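Asks: Let me see the structure of the following:
(2 chains)
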Amino acid sequence: EAQVTQNPRYLITVTGKKLTVTCSQNMNHEYMSWYRQDPGLGLRQIYYSMNVEVTDKGDVPEGYKVSRKEKRNFPLILESPSPNQTSLYFCASSSGPANTEAFFGQGTRLTVV
Amino acid sequence: RKEVEQDPGPFNVPEGATVAFNCTYSNSASQSFFWYRQDCRKEPKLLMSVYSSGNEDGRFTAQLNRASQYISLLIRDSKLSDSATYLCVVNPQGSNYQLIWGAGTKLIIKP
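Replies: Residues are numbered from 1 along each chain as shown, chains lettered A, B, ... in the order given. A predicted model of the protein is given here:
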């Protein structure tokens, strides 16, 4: 089954404790992105990747890091989480650039206290 | 002004009715347009792309009005299962990788 898998689905952590949210896709997609979704706001892109070892900042990259060492995996790293990073996070992949269908993971609900 | 604006709703509509909502965008050179559907804070899923000539898929019709810079979504014969949040998405000109997402319009279909 074609899918994008994120882990964990839910996470409560404390300020400053490094964490990683994993994302894996089995569709051989080149393009992957991370978004955050907050009430009253549209999805905002954090980082995106066009291929292995090629990443770039989205609209809200501050406080986040990513890596793309393999085509299927695109982890999101919060080196020192803060409460303003409490949000719902989605990983997405697509076969082409922005004008092609994006497939999303089930989301990670992160709370930083 | 937000780049992509939607009426947050909720739109409360009786089952079987027709409902329509719009989405306005600020970048007149935007190239691609989409409607995604999101259920109860689950992941968004593509509903349909919006072409210059319009697009129809069963009970759903999407239209693009470039002159007034909005896209619309029409749902005919609404079903209970249509209850969801509908997200308007725009790809600005000059960006291969960026999508601008609206905050969504919540639709509630009542029996």
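Asks: burial count for residue 76?
Replies: Defaulting to chain A. Using other Cβ atoms under 10 Å in any protein chain shown, A:Leu76 has 23 other residues around it. Where C-beta positions appear, they are placed from N, C-alpha and C, glycine not excepted.
Asks: Hmm, no, I was thinking of chain B.
Replies: Taking other Cβ under 10 Å as the criterion, the count of residues near B:Arg76 is 14.
Asks: And the most centrally placed residue in chain A, how close does it get to A:Ser67?
Replies: Centroid check for chain A by Cα atoms, centre = their mean gives A:Trp34 as the closest residue, at 2.9 Å. With the distance defined as Cβ to Cβ, to the nearest Å, A:Trp34 ends up 11 Å from A:Ser67.
Asks: Now list whatever residues contact both of these two.
Replies: Residues touching both A:Trp34 and A:Ser67 (Cβ atoms under 8 Å, 6 or more residues apart in numbering or on different chains): A:Phe74.
Asks: which ones are touching residue 59?
Replies: Went with chain A since none was named. By Cβ under 8 Å, 6+ apart, A:Asp59 lies in contact with A:Arg44, A:Gln45, A:Ile46, B:Gln98.
Asks: Chain B, not that one
Replies: B:Ile75, B:Arg76, B:Asp77, B:Ser78, B:Lys79.
Asks: can you give me the offset of the helix or strand B:Tyr36 falls within from its chain's centre?
Replies: Using DSSP states H and E, B:Tyr36 falls within strand B:32-38. Here strand B:32-38 is found 5 Å from its chain centre; the criterion is Cα atoms, centre = their mean, to the nearest Å.
Asks: what about that strand, near chain A?
Replies: Yes - judged by Cβ under 8 Å from any Cβ of the partner chain, strand B:32-38 comes into contact with chain A at B:Ser32.
Asks: Can you list the strands that that strand pairs with?
Replies: Paired with strand B:32-38 in the same sheet, following DSSP bridges, are strand B:45-50 (antiparallel), strand B:84-91 (antiparallel).
Asks: From the rest of the structure, what touches the helix or strand following the first one?
Replies: It stands for strand B:45-50. The helix or strand immediately downstream of strand B:45-50 is strand B:55-57, counting by DSSP H and E. With Cβ under 8 Å, 6+ apart as the test, strand B:55-57 has contacts from B:Met48, B:Ser49, B:Thr61, B:Ala62, B:Gln63.
Asks: do the same with stretch B:14-30
Replies: With Cβ under 8 Å, 6+ apart as the contact definition, stretch B:14-30 has outside contacts at B:1-7, B:9, B:11, B:13, B:33, B:66, B:68-80, B:86, B:88, B:90-94, B:100, B:102, B:105, B:107, B:109-111.
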